[in-house]
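Q: let me see the structure of the following:
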Amino acid sequence: MANQVDYKKFCWEIDYFSFLRSKLCYSDPVVIGGFKWRLIAFSKKGTDSLSLYLEAVDLKALPSGLRRFVEYSITIVNQTCEELSVRRERRIWFDKNTPNWGWPDMISLFNLTAPNSGFLVNGGGVMVIAEVEALEVIDTLNPSQVAEISEDRAHDYSSSSDELQNKDDVAIEVNGFQVLHSQVTQVKAIFEKHPDLTSNFSLKNQQIKNAYMYALLDLIKTLCKAPKELTVEDLNKADNMLSDLIKAGFNLDWLRQKLDQGLDKQIAYDTRIRELEKQVKKRKLALTELEGDLEKEKAAASVATIFSD
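A: Next comes the predicted model:
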């Protein structure tokens, strides 16, 4: 039985390990706008991506001419940093022939399961949020409805879709890697400065390639932080990531040198801080002892004055 949802948002926690054992995973259906909706999750054989789709369950049993125009979004929640959550949105028609729409590459399994990624929680759960706005229902077999929707809504739908289209929702290829629009300039600059970056990189799977590039960009972002913002633990994690990238075939001697220098400086910095903290502690202890001696001398001097009188 479907749950009635007053608000147009519902959550689904996917058991990731059950997901790996199943061909398809379905959320419990919910009723929004008089229709039953559910989410579908799967990963195609031979791919490295989690696919997520929204399905209008009722449309399968309805006449072929019925269509429903829907604005919806699907978000994979990052539990440690909301800004890192993965969100996609779309406005599109659902009908009997196409009762579900979504994204075959919502997120790579590499990014989803990476240590400390923030996506897997509660022993392997993935939190997904869907927001559904059922905007329009028409019968395409009724010419008057089709004419009305075409005249009154066509411009609104197209312009709204343009406004909703996020440039970072579109993958742009740079040297065989698909990156976000906001990352294109940086990736091009890296290849221009280091043309042999991927000369030993032989992986063919596009999703895995993209995941490694994202990891490289995250690593560079970490190393560009001010020294005071980094800890030895941060740099050790960066060192592990760099080792993984090098094993995958990236030529990163230039980044290895930068990381080693940063790690040496940070270790020296932390060592100096600990040494100064020890000195401060010793001097505070010595000062406390000195203050104690001073009070004793004052007391002794007072007693001596009394007896001399």
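Q: share the number of residues neighbouring Gln257, please.
A: Residues near Gln257, counting by other CB atoms under 10 Å, number 10. (C-beta placed from N, C-alpha, C; glycine too.)
Q: surely it forms part of a strand?
A: No - looking at Gln257 with DSSP: H, G, I helix; E, B strand; the rest coil, it is helix, so not inside a strand.
Q: now it: how far from Tyr212?
A: 20 Å (CB to CB, to the nearest Å).
Q: and the chain, what are its domains?
A: 3-165, 168-309 (automatic domain parsing).
Q: any chance of a markdown table for these, columns mean pLDDT?
A: Formatted as a markdown table, the domains of the chain follow (pLDDT from 0 to 100):
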| stretch | mean pLDDT |
| --- | --- |
| domain 3-165 | 74 |
| domain 168-309 | 80 |
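Q: name the stretch among these that sits most buried.
A: The highest mean neighbour count among the domains of the chain, using mean count of other CB atoms under 10 Å, belongs to domain 3-165: a mean of 16.
Q: tell me what the helix or strand hosting Ser302 is packed against?
A: According to DSSP states H and E, Ser302 maps onto helix 253-308. The contact analysis (3 or more CB pairs under 8 Å, 6 or more residues apart in numbering; DSSP states H and E) places helix 253-308 against helix 206-223, helix 232-248.
Q: please redo it, this time with the cut-off set to 6 Å
A: For helix 253-308, the elements it packs on are helix 232-248, judged by 3 or more CB pairs under 6 Å, 6 or more residues apart in numbering; DSSP states H and E.
Q: and the spatially most central residue of the chain, how far is that from Ala299?
A: Centrality entry for the chain: nearest residue to the mean C-alpha point is Leu84, 3.3 Å, by CA atoms, centre = their mean. According to CB to CB, Leu84 stands 64 Å off from Ala299.
Q: Pro115 in helix, strand or coil?
A: coil.
Q: kindly apply the preceding question to Val184 instead.
A: Under three-state DSSP, Val184 falls in the helix class.
Q: next, the contact list for it, please.
A: Ile172, Val174 (CB atoms under 6 Å, 6 or more residues apart in numbering).
Q: equivalent analysis for Asn111, please.
A: Neighbour list for Asn111: Ala211 [criterion: CB under 6 Å, 6+ apart].
Q: what helix or strand is it located in?
A: Element membership for Asn111, per DSSP H and E: helix 109-113.
Q: within its sheet, name the partner strands of the helix or strand just after that helix and how each one runs.
A: For helix 109-113, the following helix or strand on the C-terminal side (DSSP H and E) is strand 120-121. Strand 120-121 has its sheet partners listed here by DSSP bridges as strand 125-139 (antiparallel).
Q: mind checking the SS state of Glu173?
A: Three-state call for Glu173 (three-state DSSP): strand.
Q: bridging residues for it?
A: Note on Glu173: beta-bridge partners by DSSP bridges are Gln178.
Q: go on, Ser51?
A: Phe42.
Q: so it touches Pro104, yeah?
A: Yes - using CB atoms under 6 Å, Ser51 is in contact with Pro104, at 4.6 Å.
Q: pretty sure the residue nearest to the centre of the chain is touching Asn78, no?
A: Yes - in this structure Leu84 lies within contact range of Asn78 using CB under 6 Å: 4.0 Å.
Q: the helix or strand that Asp105 is a member of to helix 206-223, inter-axis angle?
A: For Asp105, the element it lies in under DSSP H and E is strand 100-108. Counting by axes from the mean of the first three to the mean of the last three CA atoms, to 10 degrees, strand 100-108 lies at 50 degrees to helix 206-223.
Q: each with direction, which strands does strand 100-108 pair with?
A: Applying DSSP bridges, strand 100-108 is found paired with strand 49-56 (antiparallel).
Q: now do the following helix or strand past the strand it pairs with against strand 100-108, angle only.
A: Where DSSP H and E defines the elements, the next helix or strand beyond strand 49-56 is strand 66-76. Angle, strand 66-76 to strand 100-108, by the same axes, to 10 degrees: 20 degrees.
Q: give the next helix or strand downstream of strand 66-76.
A: Assigned by DSSP H and E, the successor of strand 66-76 is strand 86-95.
Q: so which elements touch that following strand?
A: Counting by 3+ CB pairs under 6 Å, 6+ apart, strand 86-95 packs on strand 66-76, strand 100-108.
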